[in-house]
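# Here is a sequence together with a model predicted from it:
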Amino acid sequence: MRLPPLDSSQWNSSLRAFAWGMSATSATILSLVLFVTYIGIGALAHDTRFSLGWTLLCTVLVWAGPAQIILITTLASGASIVQSAIAVTISAIRLFPMVVAVLPMMRTEKTRRRHLILIAHFTAVTLWVECYRFLPHVPRERRVTFIHGLGCGLMCIGLSATIIGYELAANLSQTFAAAILLLTPLAFLFSTARNSRELADVLALVLVLVLYPVASLMNSGLDILVSGVAAGSIAYGVHKWREQP
Amino acid sequence: MSDFIGDWHALVVLLLAGVIPNQIWRMLGPWLGSGLDEGSDLLQWVKAVATAILAGVIAQILVEPPGALASVPAALRYGALVAGFVAFMLTRRSIFAGVMAGEIVMFAGKWWLG
């Protein structure tokens, strides 16, 4: 996608800046990844018997794929509200450094805090990556508007995909519905494996595949938390130990 | 309330277990905008545990599958995952190739089993 030059008078219109932000979603492969992710989440929510309205609200208000999958899966398997909340909040901590990285790119002296709050809400891995890509080509005083447009665009994609996934799971034959449900584990496993550059993350991934079945045998209802904290801590410890001179 | 949303209880659960625990971290951003060391020990530990929790949930979907996925035998579910992972590694970590290979194996297995 071609944005006008930084000094172009076309940037004077904030409506246009918003529209360019929205249409920037069509210029990236990450939109497709987001689409597939939310197809999977919609289908998962259907087959774990959440209502469509609840699922859409979840997408709008939570707006983080991993947190939504954790929330839906744990609640459906009978975990308590507290257990789900702990698992969700641990997965969400990574959003904090993203927000901290994104906000200074668009902050000016005139920026209002409520405008930044909306941007903080839109921030997830997709928006975070796109900020680095697009913002150098957007004049500083239009960046907030541009990102509002981009965030709205991404959310429209997420919401459409949630509905499509939900309806596909409701209407397709069993085999096709199973294929759509299988998208979530496949896509998340490979994207986590791809993003795991540090040994600690790779180890955490492998260890939990061993520890989870053991923890689930104990049948405590805390399987996810117990195996997650154990595998994550062991992985972190090994990483630290290897780093020592 | 209507069937579209579900009962009010479900909304409270969404708020308490999903929205608040997730948004707390985002909303800290505009207020505590600085002084965070990306390489700090605490953050590294958090990342490792978060990766493990997500992996645990993925494992749960495969081990105790919801709805339609339960119609796929366990061996085929794991087989699809392994095939996808092999394709992922062979294509120098292409997520797309991994997902496609996993799905193809699942369809082929279902068709072969009848």
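Looks like it arrived, so ask away.

# Output the contacting helices and strands for the helix or strand bottoming out on mean pLDDT in chain A.
Lowest by mean pLDDT, DSSP states H and E among the helices and strands of chain A is helix A:199-218, with a mean of 78. Here helix A:199-218 is seen to pack against helix A:174-195, helix A:223-243, helix B:41-63 when contacts are counted using 3 or more Cβ pairs under 8 Å, 6 or more residues apart in numbering or on different chains; DSSP states H and E. Backbone N, C-alpha and C define where each C-beta goes, glycine included.

# in the chain, what spans have low per-residue confidence?
In the absence of a named chain, chain A is used. A:197, A:219-222 (pLDDT under 70).

# looking at chain B here, not the other one
For chain B (pLDDT under 70), the answer is B:1-3, B:5, B:33-39.

# thinking again about what came up before, just say which of the helices and strands packed on helix A:199-218 is most tucked in.
Highest mean neighbour count among these (mean count of other Cβ atoms under 10 Å in any protein chain shown): helix B:41-63, with a mean of 23.

# Can you report how many residues lie near residue 21?
The chain I'm using is chain A. 26 (other Cβ atoms under 10 Å in any protein chain shown).

# switch to chain B, that's the one I care about
25.

# what helix or strand does the residue lying closest to it once chain neighbours are set aside sit in?
Leaving aside its sequence neighbours, B:P21 sits nearest to A:T89 (Cβ to Cβ, 6 or more residues apart in numbering or on different chains; 3.6 Å). In the assignment (DSSP states H and E), A:T89 maps to helix A:81-92.

# ok, then the element right after that helix?
helix A:95-102.

# So what touches that next one?
Contacts with helix A:95-102, where a contact means Cβ atoms under 8 Å, 6 or more residues apart in numbering or on different chains, come from A:64, A:119-120, A:123-125, A:127-128, A:131, B:22, B:25-26, B:28-30, B:32-34, B:36, B:38, B:43.

# where's A:C58 relative to chain B, distance?
Per Cβ to the nearest Cβ, to the nearest Å, A:C58 is found 6 Å from chain B.

# In terms of secondary structure, what does whatever helix or strand that residue lives in contact?
Counting by DSSP H and E, the element that carries A:C58 is helix A:52-62. In terms of contacts (3+ Cβ pairs under 8 Å, 6+ apart), helix A:52-62 is packed against helix A:29-47, helix A:65-76, helix A:143-171, helix B:8-13, helix B:20-31.

# which one of the helices and strands packed on helix A:199-218 lies closest to B:A83?
Proximity to B:A83 (Cβ to Cβ) singles out helix A:174-195 among the helices and strands packed on helix A:199-218, at 10.0 Å.

# Could you figure out how far the closest one is turned away from helix A:29-47?
Per axes from the mean of the first three to the mean of the last three Cα atoms, to 10 degrees, the angle that helix A:174-195 makes with helix A:29-47 is 130 degrees.

# Domain ranges for chain B, per the record?
Domains of chain B are assigned by automatic domain parsing as B:1-36, B:37-113.

# hmm, back to that, which residues touch the helix holding A:T89?
With Cβ under 8 Å, 6+ apart as the criterion, helix A:81-92 contacts A:64, A:66-67, A:70-71, A:74-75, A:79, A:221-222, A:224-225, A:228, B:13, B:16-18, B:20-26, B:46, B:49-50, B:53-54, B:57.
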